[in-house]
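Peer 1: One predicted model, sequence on top.
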Amino acid sequence: MSDSLVIIPTYNEKENIEKLVRTIFSLNKLFHILIVDDGSPDGTADIVKDLQSKFQDSLYIQERTGKLGLGTAYIHGFKWALERDYSYVFEMDADFSHNPADLVRLYNANEEKGGDLSIGSRYVKGVNIINWPMSRLLLSFFASKYVRLITGMPINDSTAGFKCYKREVLETINLDEIQFVGYAFQIEMKFKAWKYGFNVVEVPVIFTDRSEGESKMSGGIFYEAVLGVINMKIRSIFKNWKR
């Protein structure tokens, strides 16, 4: 039995998913994997189900109908994890933009170094992004600067989607009250963990844009995040953050 679950949302990731699953299971720490697939028409779910015969009791899949949003996929996975005996719950993309080897580093940042939420950060030591166009890089970088300015949250990479939560963090945050479903979801989860007083740590990672499959990112996703931050900050003033 593993104490760690890696949640990977998928939509049309047939080029990447088998290699990613096998790479994670080859690491020197045992992780379980939960795929949350939003009805991929390319057969991603079928590939995962074929792999389950080889990785029994360590590879799981939850299938949903249609594209319901990144945030709802992770919340579905969080609730699934909390119903089971996992102490650490990870978020990870399916496209190898996140290096699977860094899962161990995120785990150690919590297990050995006292973190409650560890973040694979692209900006904690300069800018560590490969293959992004300059316009997208600048948009992401300054969105994180903007979020830090408005919220006061001492995090360099507020939109990062490579994370490890201790179970207690997810138990404390009311997952049914999460407002955002796109990439602003990543900001909201970090903000609430920080407001509740959990120790949030950033682990420097190198982010590499996908080489296979189609990107789900757009400029509109970042604008959604930026415009939602002020409303989130205002709502937080009236909330009791004691735990």
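Peer 2: The structure has been received and is ready for your questions. Since the structure is predicted, the reported quantities are computational estimates derived from the model, not experimental observations.
Peer 1: average model confidence for stretch 51-59?
Peer 2: Mean per-residue pLDDT for stretch 51-59: 96.
Peer 1: list the buried ones in that stretch?
Peer 2: 51, 55, 58, 59 (16 or more other Cβ atoms under 10 Å). From N, CA and C alone the C-beta is placed, and that goes for glycine too.
Peer 1: what does stretch 91-105 give?
Peer 2: 91, 92, 93, 94, 95, 96, 97, 98, 99, 100, 102, 103.
Peer 1: and the fifth one, helix, strand or coil?
Peer 2: The three-state label for residue 95, taken from DSSP: H, G, I helix; E, B strand; the rest coil, comes out as coil.
Peer 1: Ramachandran angles for it?
Peer 2: Main-chain dihedrals, residue 95, degrees, to the nearest 10: phi -110, psi 10.
Peer 1: just the second one next, same as before
Peer 2: Note on residue 92: backbone dihedrals following degrees, to the nearest 10 are phi -160, psi 140.
Peer 1: i'd like the first residue to be 38 from this point on
Peer 2: Sounds good: first residue 38 from here, last item residue 129.
Peer 1: quick revisit: could you point out the member of the buried residues of stretch 128-142 that lies closest to residue 74?
Peer 2: residue 131 (9.5 Å; Cβ to Cβ).
Peer 1: Now the closest one: closest residue in space that isn't a chain neighbour?
Peer 2: Of all residues not flanking residue 131 in the chain, residue 50 sits nearest, at 4.3 Å (Cβ to Cβ, 6 or more residues apart in numbering).
Peer 1: With residue 49 instead?
Peer 2: That would be residue 79: by Cβ to Cβ, 6+ apart, it lies 4.5 Å from residue 49.
Peer 1: about what we covered before: let's have the buried residues of stretch 128-142 in a markdown table, adding pLDDT and distance to residue 66.
Peer 2: As requested, the buried residues of stretch 128-142 are exported to a markdown table (pLDDT from 0 to 100; distance: Cβ to Cβ, whole Å):
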| residue | pLDDT | distance to residue 66 |
| --- | --- | --- |
| 128 | 98 | 17 |
| 129 | 97 | 14 |
| 130 | 95 | 19 |
| 131 | 94 | 20 |
| 132 | 92 | 22 |
| 133 | 92 | 19 |
| 134 | 91 | 21 |
| 135 | 94 | 16 |
| 136 | 95 | 14 |
| 137 | 97 | 11 |
| 139 | 97 | 12 |
| 140 | 98 | 8 |
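Peer 1: any idea which of these is closest to residue 187?
Peer 2: Nearest to residue 187 among the buried residues of stretch 128-142, with distances taken as Cβ to Cβ, is residue 128, at 22.8 Å.
Peer 1: what number of residues lie near the residue nearest to the closest one when sequence neighbours are not counted?
Peer 2: Here the nearest residue to residue 128 in space, its sequence neighbours aside, is residue 200; by Cβ to Cβ, 6+ apart that works out to 4.7 Å. Residues near residue 200, counting by other Cβ atoms under 10 Å, number 25.
Peer 1: How about residue 69?
Peer 2: 22.
Peer 1: wait, it sits on residue 45?
Peer 2: No. Using Cβ atoms under 8 Å, residue 69 makes no contact with residue 45, being 11.2 Å away.
Peer 1: Spell out the secondary structure type for the residue nearest to residue 131.
Peer 2: Per three-state DSSP, residue 50 ends up coil.
Peer 1: can I assume it is in contact with residue 130?
Peer 2: No. Applying Cβ under 8 Å, one finds residue 50 not in contact with residue 130, separated by 9.1 Å.
Peer 1: Which of the three states applies to the nearest residue to residue 62 once chain neighbours are set aside?
Peer 2: Nearest non-adjacent residue to residue 62, counting by Cβ to Cβ, 6+ apart: residue 92, 6.1 Å away. Three-state assignment for residue 92 (three-state DSSP): coil.
Peer 1: what sits against residue 92?
Peer 2: Going by Cβ atoms under 8 Å, 6 or more residues apart in numbering, residue 92 touches 58, 62, 70.
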